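Participant: need the 3D shape of this:
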Amino acid sequence: MLEFLNIDLVDWEDFLDLILRTAFNTGVVLILVRVLYYRATPRKDYLFTYILISLVIFFMCFLLENVKIEMGFALGLFAIFGIIRYRTRQIPIREMTYLFIVIGISVINALANRKVSYAELLFTNAVMILITYLLEKVFLLKHESKKVINFENVELVKPEHRLKLIAELSERTGLNIHRVEIGRIDYLRDTARVFIYYFEQDSWKGIDQDEAMMSDDGDDD
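Facilitator: I've put the predicted structure just below:
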């Protein structure tokens with residue numbers, strides 16, 4: 001076996017194992033985030049993040065599996081990830097769940113040794129895909145999102161005008177708002193802080209329909 005500076009140039013058995021595991025893990029992650037997540041919530045920023053985080057976690061766990069890591073280095077690595085996490089904006093709970101799934105699947109696929117059979121590995125990944133599919137497609141769980149709006153017409157925040165308030169906010173924002181909550185009211189500026197709640201999946205459907213109509217208009221030209 002060829003070596004350079006006491007390091008093997010290539011170990012064909014381990015290299016083939018790396019290729020097969022990478023292809024398998026990438027395929028599973030693409031099914032989860034591209035087929036299931038992205039079709040329900042077409043957010044390219046999260047799609048980009050999930051795929052790259054999955055690859056980084058997978059390669060890090062796979063390549064460092066046989067490397068002895070001291071406790072100080074391990075704690076420093078977790079501290080770096082903690083700093084990155086706290087310096088970013090808050091991630092919605094649904095997106096955080098997908099992130100946890102992607103990281104967990106990547107770690108499992110990378111660290112599964114010879115004591116774990118291929119049947120067990122396939123079953124684990126298949127169950128994650130199946131459960132995610134059932135929750136997204138079969139049970140049709142809708143994901144409620146929340147926004148804060150400074151509304152300038154305090155007359156509509158009265159309880160008897162609640163339906164008019166929802167209708168006006170829906171027209172202005174283009175979101176399918178189903179409930180609102182009234183926060184702080186500033187009578188000096190004639191404004192009120194309103195919390196609007198809508199189903200994110202419905203809003204993405206509206207965007208898709210608008211894009212389809214725009215493309216149809218372009219075709220007519």
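
Participant: low-confidence ranges, this protein, go.
Facilitator: For the chain, the stretches with pLDDT under 70 are 1-11, 66-90, 140-144, 200-221.

Participant: so which residues of this structure form strands?
Facilitator: Applying DSSP state E to the chain gives strands spanning 3-4, 7-8, 144-151, 177-186, 191-199.

Participant: what's the closest of those to Ile93?
Facilitator: Closest of the strands of the chain to Ile93 is strand 144-151, at 10.2 Å (criterion: Cβ to Cβ). Yep, even glycine has a C-beta here, placed from its N, CA and C like the rest.

Participant: buried stuff in that closest one?
Facilitator: For strand 144-151, a neighbour-count test (16 or more other Cβ atoms under 10 Å) marks 145, 149, 151 as buried.

Participant: reformat those residues as a markdown table; add distance to Arg162.
Facilitator: Formatted as a markdown table, these follow (distance: Cβ to Cβ, whole Å):
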| residue | distance to Arg162 |
| --- | --- |
| Ser145 | 20 |
| Ile149 | 15 |
| Phe151 | 13 |
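
Participant: buried set for stretch 32-43?
Facilitator: Neighbour-count burial for stretch 32-43 [16+ other Cβ under 10 Å]: 32-33, 36-38, 40-41, 43.

Participant: same deal with stretch 109-129?
Facilitator: Result for stretch 109-129 [16+ other Cβ under 10 Å]: buried residues 109-110, 112, 124-125, 128-129.

Participant: what are the ranges of the helices in this protein?
Facilitator: With helices called from DSSP state H, the chain shows them at 12-30, 38-40, 44-63, 71-86, 93-111, 118-133, 162-173, 200-220.

Participant: pick out the residue closest to the middle of the chain.
Facilitator: For the chain, the residue nearest the mean C-alpha position is Glu95 (3.3 Å; Cα atoms, centre = their mean).

Participant: ok so, going back, so which of the strands of the chain gets nearest Ile105?
Facilitator: Nearest to Ile105, of those and by Cβ to Cβ, is strand 144-151 at 25.5 Å.

Participant: what helices and strands are in contact with the closest one?
Facilitator: Contact analysis of strand 144-151 by 3 or more Cβ pairs under 8 Å, 6 or more residues apart in numbering; DSSP states H and E lists helix 162-173, strand 191-199, helix 200-220 as its packing neighbours.

Participant: domain assignment for the chain?
Facilitator: Using automatic domain parsing, the domain parsing of the chain gives 3-138, 144-220.

Participant: quick one: Phe58 and Thr22 touch, right?
Facilitator: Yes. Contact criterion Cβ atoms under 8 Å: Phe58 and Thr22 qualify, at 6.8 Å.

Participant: these two: which is more packed in?
Facilitator: Phe58 (26 against 16; other Cβ atoms under 10 Å).

Participant: for Thr132, see how far away the closest residue in space to the more buried one that isn't next to it in sequence is.
Facilitator: Excluding its sequence neighbours, the residue lying closest to Phe58 (Cβ to Cβ, 6 or more residues apart in numbering) is Ser106, at 4.2 Å. Per Cβ to Cβ, to the nearest Å, Ser106 is found 15 Å from Thr132.

Participant: give me the more crowded residue out of the two.
Facilitator: Higher neighbour count among Ser106 and Thr132: Ser106, with 24 against 19, using other Cβ under 10 Å.

Participant: so who does that one touch?
Facilitator: With contact set as Cβ atoms under 8 Å, 6 or more residues apart in numbering, Ser106 has these partners: 25, 29, 53-55, 57-58, 61.

Participant: fine by me, thanks again.
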